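Engineer: here is my input; please provide its structure:
(one chain, ligands or ions: 1)
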Amino acid sequence: MNLIEYPDRDMLAINLANLLAGELKATLLSHDTASIAVPGGTTPGPIFDALCAAPLEWDKVMVLPTDERWVTPDDPRSNARLIREHLLVGRAAEAKFLSLHGTGAHPEDDLDAIAAQIEPALPLSVLLLGMGEDCHVASLFPGTPGLAAALADDAPALAAMAPAGQPEARITLTAPVLDGALKKHLVILGWEKRDALERAQSLSPEEAPVQAVLSEMNVHWAV
Ligand SMILES: O=C(O)[C@H](O)[C@@H](O)[C@H](O)[C@H](O)COP(=O)(O)O
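Structural biologist: Coordinates of the predicted model:
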């Protein structure tokens, strides 16, 4: 795990956006396409606002959420909506968005169809993850039924989860897909999350799911 500290959140957003853009560009030097999975939540917005202006061949880039809330795509809680409003604009509007939204009443109804749609993006070229203070990443929350299967080496690409305390069901990339990304970045803000990540070092992946994806992870932190 490589920890990079920034003097403030603006510097983190600008520098991390530039780093992600550089990794996508580098991928496209030797591949016809590149892919990046990005989180929802409150942290990534400023990073997306900087990344969307990056001069690269966005029409060759696939963008997908690390996870999605099982709501309609225009719901304010939808990660797709956050990505469409902040990342898939400007130059990045040309990117191909791979949605994790399905049409079924429950995520389980659509796992196979959605997995087929995201197959061309795997293995991920670049991964950007956020983390909760409970050390969840994507929608891999501690204590959720099905978490062990989603963390297992033989896990399928996607899992349906029903995290306690969350208002809706979730669909999430599983640990092997997240951990298998070629370039990996975790962005955390504030002392609470930094302390949580420190505590996670002595916990199991089931107790702290971030532990399942920390190999060769670049952790970007600002207070
Ligand atoms: O769907 C989501 O919300 C994200 O994928 C989730 O894993 C997020 O990264 C963490 O919950 C941190 O969220 P904040 O950035 O809001 O702290």
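
Engineer: now the host helix or strand of L197: how far from the chain's centre is it?
Structural biologist: Using DSSP states H and E, L197 maps to helix 191-200. Put simply, helix 191-200 sits 19 Å off its chain's centre (Cα atoms, centre = their mean, to the nearest Å).

Engineer: so what touches that helix?
Structural biologist: 131-135, 188, 207-208, 210-211, 219, 221, 223 (Cβ atoms under 8 Å, 6 or more residues apart in numbering). To be clear about C-beta, it is placed using only N, CA and C from the backbone, and glycine gets the same treatment.

Engineer: quick one: buried residues of that helix?
Structural biologist: Along helix 191-200, these residues count as buried under the neighbour rule (16 or more other Cβ atoms under 10 Å): 193-194, 196-197, 200.

Engineer: do the same with stretch 88-96
Structural biologist: For stretch 88-96, by 16+ other Cβ under 10 Å, it's 88, 91-92, 95-96.

Engineer: is there any residue in the lengthiest helix in the chain that contacts the ligand?
Structural biologist: Longest helix of the chain, by residue count under DSSP state H: helix 9-30. No - using Cβ under 6 Å from any ligand atom, helix 9-30 never reaches the ligand; the gap is at least 11.7 Å.

Engineer: around the ligand, pick out the residues from the chain.
Structural biologist: 39-43, 66-67, 79, 130-132, 136-138.

Engineer: what about 5 Å?
Structural biologist: Residues of the chain found near the ligand (Cβ under 5 Å from any ligand atom) are 39-43, 67, 130, 132.

Engineer: just the buried members of those residues?
Structural biologist: 39-40, 43, 67, 130, 132.

Engineer: buried stuff in the longest helix of the chain?
Structural biologist: 9, 12-14, 16-17, 19-21, 23-24, 26-28.

Engineer: which residues sit against it?
Structural biologist: Contact partners of helix 9-30, identified using Cβ under 8 Å, 6+ apart, comprise 6, 34, 36, 46-51, 54, 56-57, 60-61, 125-126, 128, 182-183, 185, 187, 189, 218, 220-222.

Engineer: quick check: mean pLDDT across that helix?
Structural biologist: The pLDDT scores in helix 9-30 average 98.

Engineer: could you point out which element follows it?
Structural biologist: By DSSP H and E, the next helix or strand past helix 9-30 is strand 34-38.

Engineer: name the residues of the next helix or strand after that following strand that are buried.
Structural biologist: Where DSSP H and E defines the elements, the next helix or strand beyond strand 34-38 is helix 45-51. Residues 46-51 are the ones in helix 45-51 that count as buried (16+ other Cβ under 10 Å).

Engineer: point out the other helices and strands that helix 45-51 packs with.
Structural biologist: When contacts are defined as 3 or more Cβ pairs under 8 Å, 6 or more residues apart in numbering; DSSP states H and E, helix 45-51 packs onto helix 9-30, helix 79-86.

Engineer: strands paired with the next helix or strand after it, and their directions?
Structural biologist: Scanning forward in sequence from helix 45-51 by DSSP H and E, the next helix or strand is strand 61-65. Sheet pairing of strand 61-65 (DSSP bridges) gives strand 34-38 (parallel), strand 96-97 (parallel).
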